[in-house]
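Visitor: Sequence plus the predicted model coming up.
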Amino acid sequence: MTAETLLKVEGVETFYGNIRALAGVDVEVKKGEIVSLIGANGAGKSTLMMTICGSPQARVGTVTFDGQDITRMPTHEIARLRIAQSPEGRRIFPRMTVYENLQMGASLDNQKFFNEDVEKMFALFPRLKERQFQRGGTLSGGEQQMLAIARALMARPKLLMLDEPSLGLAPLVSKQIFAAIKLLNETQGLTVFLVEQNAFAALKLSHRAYVLVNGSITMSGSGAELLANPEVRAAYLEGGAH
Amino acid sequence: MEYFIQQLINGLTLGSIYGLIAIGYTMVYGIIGMINFAHGDIFMLGGFAGLIVYLLIMTVFGGAPIAVALLCMLIVAMVTTSLWNWSIERVAYRPLRGSFRLAPLITAIGVSIALSNFIQVTQGPRNKPIPQMVNSVYTIQGISISLKQIVIVVITVALLAAFWYIVEKTPLGRAQRATEQDRKMAALLGIDVDRTISITFVMGAALAAVAGTMFLMYYGVIVFTDGFVPGVKAFTAAVLGGIGSLPGAVIGGLLIGLIESLWSAYFTIAYKDVATFAILAFVLIFKPSGLLGRPEVEKV
């Protein structure tokens, strides 16, 4: 594939106080790709996701999106460039209904495509339709996960970033979600950058992947390459494949 | 019985004013978790703005129909206090947002002192009277209701309805609630959090300005210290209703107004403030989350 680069992260270092969480990360995501980031707990995966969104901002290095330097941009302006995130911990608005949470996702277009898009989301996750008037905080973990993904999609993103989309989901549901991501990628060319604990499913789904260890990228390659790599297998896949 | 109903009406009028101020406290608390102690002075400022407009209309334009005069007073007062509160947030509170919790609180007290002293210096330290604007009184079966009271209650109800609509049904209100519940997530969805917080300060100030103008009209007098006691009472109302809850602020305001006038009617009027603040103490001890507030633990 010789597609254009959509997202480019170069030499990014992010700090929490004096603690360096990312130690010079380089990542590239091309248009139309599904790229995944795997790594152990505490490796800095979520920090990288949030750094791309400018919260916190990188202290060193640059983040470029669609040819524009977004390293120092405020988070809401980055979001307006159509980078949508389903973040770690889901962050559903607990005292808003499911419907209102989805409306929040469609804030960028002032709800212009809301009616059309919300039907698509309800088709994708029928569970959300049943629960649409329920408060976000009363949903189960899996339902919240669906809502977080749907809310991100409501923004009609150019780049969809998913932080652990399968977390807390029953295997069948997470399979559905991966299938949905794949479908969106194939039919609409949606670019996806995802962080996953379930490395096997992520690598199978992705065109390319990166391995993050202690704040640095140690390996990268196509999904299939990493799946076959003995080190990756030993560290992230042993016993975890299903 | 007639006496009781009379006091009920008086209490509801007073309570409307407290409720309008209390909304400003509770909204700001909801969205950034601080008590804006300068809010009472914003209310007082609104009263002075109304007074100045009234005097201007009377002297420069030689009078106007009372509805027009009142409308001008309300609009100018709302704009003035909005600008003040917006600037205060920008200059005094926003730079402290990442700081420890007490910092903006102390700053708010400083801003409060600065505001009341500013009015003392520019408007003088004496009571400023306003001529009786609306003085019709209707008597129904021994109960008298003044036109002033009707105006106050009607304006309050209309404003609360408009306000409820904004918060519950418009994209702006949704952005405010989202910012209140999870500021970082709101930003990730493209909400300009700083702007949303500024708008919240502006809305709170506008309601306080209306309260200030009506306070001026009701009592016919205003002085630079008037921000303090009504301000603290409105704060009590917000705590009683459950700080952070909008319906709570209104209900708390009405209750405080009722308690105050019923206490004055049946017990010693000199101790009416003691009664109000005793309630603050009791609520803080026995039900710190207030009537409609949510307990702190809710975190999903």
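Guide: Nice, thanks for sending it over. The structure presented is a predicted model; accordingly, all values stated were derived computationally and were not measured. Residues are numbered from 1 along each chain as shown, chains lettered A, B, ... in the order given.
Visitor: show me where the chain has strands.
Guide: No chain in the question, so chain A it is. A:5-16, A:19-30, A:34-38, A:60-65, A:68-69, A:83-86, A:159-163, A:191-196, A:208-213, A:216-222 (DSSP state E).
Visitor: Can you look at chain B instead?
Guide: Counting by DSSP E, the strands of chain B are B:128-129, B:137-140, B:143-146, B:221-222.
Visitor: Rebuild those strands as JSON lines, extending it with distance to chain A.
Guide: For glycine as for every other residue, the C-beta is placed from the backbone atoms N, C-alpha and C. Listed next are these as JSON lines, based on distance: least, C-beta to the nearest C-beta, whole Å:
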{"stretch": "strand B:128-129", "distance to chain A": "43"}
{"stretch": "strand B:137-140", "distance to chain A": "43"}
{"stretch": "strand B:143-146", "distance to chain A": "39"}
{"stretch": "strand B:221-222", "distance to chain A": "38"}
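Visitor: okay, those strands, which one's buried deepest?
Guide: strand B:221-222 (a mean of 20; mean count of other C-beta atoms under 10 Å in any protein chain shown).
Visitor: In its sheet, which strands sit next to that one, and in what direction?
Guide: Strand pairing for strand B:221-222, determined by DSSP bridges: strand B:128-129 (antiparallel).
Visitor: Geometrically speaking, which residue is the centre of the chain?
Guide: By default, I'm working from chain A. Geometric centre of chain A, nearest residue: residue A:162, 1.7 Å, by C-alpha atoms, centre = their mean.
Visitor: Show me which residues of chain A sit near chain B.
Guide: A:53, A:55, A:74-76, A:79-80, A:84-85, A:87, A:91-96, A:100, A:103-105, A:107-108, A:110-111, A:136-137, A:144, A:151, A:155 (C-beta under 8 Å from any C-beta of the partner chain).
Visitor: buried subset of these?
Guide: A:53, A:55, A:74-76, A:79-80, A:84-85, A:87, A:91-96, A:100, A:103-105, A:107-108, A:136, A:144, A:151, A:155 (16 or more other C-beta atoms under 10 Å in any protein chain shown).
Visitor: Now go through those residues and say which are in helices.
Guide: The helices, defined by DSSP state H, take in A:75, A:76, A:79, A:80, A:100, A:103, A:104, A:105, A:144, A:151 from these.
Visitor: Of the residues you listed, which is the nearest to residue B:144?
Guide: Residue B:144 lies nearest to residue A:100 out of those, by C-beta to C-beta, at 45.9 Å.
Visitor: Could you pull up the residues touching the closest residue to the closest one other than its chain neighbours?
Guide: Excluding the flanking residues, the one nearest residue A:100 by C-beta to C-beta, 6 or more residues apart in numbering or on different chains is residue B:174, at 6.2 Å. Counting by C-beta atoms under 8 Å, 6 or more residues apart in numbering or on different chains, residue B:174 touches A:96, A:100, A:103, A:104, A:107.
Visitor: pretty sure the residue nearest to the centre of chain A contacts residue A:197?
Guide: No: applying C-beta atoms under 8 Å, one finds residue A:162 not in contact with residue A:197, separated by 12.0 Å.
Visitor: before we move on, the earlier item: how about the strands of chain B in CSV, adding mean pLDDT?
Guide: CSV is the format used below for the strands of chain B (pLDDT from 0 to 100):
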stretch, mean pLDDT
strand B:128-129, 90
strand B:137-140, 87
strand B:143-146, 88
strand B:221-222, 92
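Visitor: Send over stretch A:83-92 as PDB, restricted to the C-alpha atoms.
Guide: Below are the C-alpha coordinates for stretch A:83-92, written out as PDB (Å, rounded to 0.1, in the frame of the first residue of the first chain):
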ATOM      1  CA  ILE A  83      -9.800  12.400  15.400                       C
ATOM      2  CA  ALA A  84     -12.300  10.600  17.600                       C
ATOM      3  CA  GLN A  85     -11.300   8.500  20.500                       C
ATOM      4  CA  SER A  86     -13.000   5.800  22.600                       C
ATOM      5  CA  PRO A  87     -10.800   6.300  25.600                       C
ATOM      6  CA  GLU A  88      -9.500   4.100  28.400                       C
ATOM      7  CA  GLY A  89     -12.100   3.600  31.000                       C
ATOM      8  CA  ARG A  90     -14.800   4.400  28.400                       C
ATOM      9  CA  ARG A  91     -15.600   7.800  30.000                       C
ATOM     10  CA  ILE A  92     -19.400   7.600  29.300                       C
END
